[in-house]
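S.K.: here you go, sequence then predicted model.
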Amino acid sequence: MSRKAWCSLLKSDQVIDADARTLKVFLAQPRGFCAGVVRAIDIVERALKKYGPPVYVRHEIVHNKYVVEALKAKGARFVENVSEIPDGAVAIFSAHGVSKEVEREAEERNLPVIDATCPLVTKVHNQGNRYVDQGRTVILIGHAGHPEVEGTMGQIPGTVVLVQTVADVEKLDLPTDAPVAYVTQTTLSVDDTRDIIGALTRRFTDIRGPDIRDICYATQNRQSAVRDLCKVADLILVVGATNSSNSNRLREIGAELGIPSYLIADGSELDPAWLDGVGIVGITAGASAPEVLVDDVIRTLNRLRPVEVVTLPGREENITFRLPSALASA
Ligand code: SF4
């Protein structure tokens, strides 16, 4: 669909004139918090209310500095290792999940643990374990060093092989007829993994993989929405943290589609020079970025130029995840 057709679909009477001073701001729909992030933050807040501060969170509860600082102000303490948590203190595992070893360490120390692992990440762990029970070697498609990948590799017994690219598939030291199965990091969408899965299915004769409906709905929806945004925008701003995998991916999609795209934490990181010759700015936000930061970016834009904000039509999300029973009534 052409830019003009998109603009008219959006009930904009005229195609935007890039020289006009008014900046049209199109917001991706959906954007920002997913159900796993809402649940994880809710868990920390409810734990603070129920047990009183401090509660200890292993790793950033979600990858966003604003969220982490806001929870710190309420009494949450963030650590990277279970060994940093004092005896008897409440320990919360982040939305990214943890390895069995981390779980064991907390158990050996009798720490009261609340698990904020996103249920969709747990689903990947369970799927990987089922494949191992079937006698398969599990291949994880993901990014080395990401906490979710480390957690998933440490949740599945035996050897889990990590592949990040199609080239990695070619290098796998496994016979063609080896029984294998793949699982994927949740912040990679169907589109991201298509080529790697294609290479795997060509390489192995006995391969299984999860149902396509098992991928993270939030990742797929946000990526589809940014693709739509790219049909109309001259510039894409992704609100999110540099260590947020899904936010980085949103920026990459914009760049791959030929639109100048920047990942910014908030309005303070916006460079006015990016707006030169721009008539339409598309804004989206990673799954761990709160809407207040999107508002901050819009306010910053508005200080530079008059803005008119339109939300793109998109997919509605009404998914919620149940809280751990210990906190459901907190
Ligand atoms: Fe869960 Fe998907 Fe959100 Fe990750 S992006 S926390 S897998 S809902």
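M.R.: Yes, it's here. Numbering: from 1, shown residues only.
S.K.: from here on, just use CA atoms for contacts and neighbour counts.
M.R.: OK.
S.K.: quick check on residue 115: phi, psi?
M.R.: Main-chain dihedrals, residue 115, degrees, to the nearest 10: phi -100, psi 110.
S.K.: ok, the residue of the stretch 201-330 of the chain found nearest the ligand - contacts?
M.R.: Minimum separation of the stretch 201-330 of the chain from the ligand (Cα to the nearest ligand atom) falls at residue 216, amounting to 4.6 Å. If a contact means Cα atoms under 8 Å, 6 or more residues apart in numbering, then residue 216 has 120, 186, 187, 189 as its contacts.
S.K.: grab the nearest non-local neighbour of the third one.
M.R.: The spatially closest residue to residue 187, leaving aside those adjacent along the chain, is residue 246, at 5.3 Å (Cα to Cα, 6 or more residues apart in numbering).
S.K.: so the one you found, which state does it fall into?
M.R.: Secondary structure for residue 246, judged by DSSP: H, G, I helix; E, B strand; the rest coil, is helix.
S.K.: wait, it sits on residue 285?
M.R.: No. Counting by Cα atoms under 8 Å, residue 246 does not reach residue 285; the two are 9.3 Å apart.
S.K.: what count of nearby residues applies to the nearest residue to residue 265 once chain neighbours are set aside?
M.R.: Among residues not flanking residue 265 along the chain, residue 240 sits closest, at 5.1 Å (Cα to Cα, 6+ apart). Neighbourhood size, residue 240 [other Cα atoms under 10 Å]: 32.
S.K.: and residue 240, backbone torsions?
M.R.: With angles defined as degrees, to the nearest 10, residue 240 sits at phi 170, psi 180.
S.K.: need the residues of the chain near the ligand, please.
M.R.: Taking Cα under 6 Å from any ligand atom as the contact definition, the chain meets the ligand at 34-37, 95, 118, 120-121, 186-187, 216, 218-219, 287.
S.K.: quick one, what contacts residue 261?
M.R.: Contacts of residue 261 (Cα under 8 Å, 6+ apart): 235, 236, 237, 238, 251, 252, 254, 255.
S.K.: doesn't the fourth one lie inside a helix?
M.R.: No. Applying three-state DSSP, one finds residue 238 to be strand, outside a helix.
S.K.: let's verify the nearest residue to residue 313 once chain neighbours are set aside: helix, strand, or coil?
M.R.: Leaving aside its sequence neighbours, residue 313 sits nearest to residue 29 (Cα to Cα, 6+ apart; 6.3 Å). Of the three states, residue 29 takes coil under three-state DSSP.
S.K.: residue 29 contacts residue 311, doesn't it?
M.R.: Yes. Here residue 29 reaches residue 311: they are 6.7 Å apart, a contact under Cα under 8 Å.
S.K.: which one of those two has more residues nearby?
M.R.: Shown here are residue 29 and residue 311; by other Cα under 10 Å, residue 29 has more neighbours (23 against 14).
S.K.: look up how far the ligand lies from the more buried one.
M.R.: Going from residue 29 to the ligand by Cα to the nearest ligand atom, to the nearest Å gives 15 Å.
S.K.: and the residue nearest to residue 313, what does it touch?
M.R.: So residue 29 contacts 222, 225, 284, 311, 312, 313, 314, 315, 316 (Cα under 8 Å, 6+ apart).
S.K.: how about residue 164?
M.R.: 141, 142, 143, 144.
S.K.: quick check: residue 128 vs the ligand, distance?
M.R.: Counting by Cα to the nearest ligand atom - residue 128 and the ligand are separated by 15 Å.
S.K.: for that residue, which non-adjacent residue is spatially closest?
M.R.: What sits nearest to residue 128 in space, not counting adjacent residues and going by Cα to Cα, 6+ apart, is residue 156, at 6.0 Å.
S.K.: still on that earlier bit, so between residue 246 and residue 285, which is more surrounded?
M.R.: For residue 246 versus residue 285, neighbours defined as other Cα under 10 Å are more numerous around residue 285 (31 against 26).
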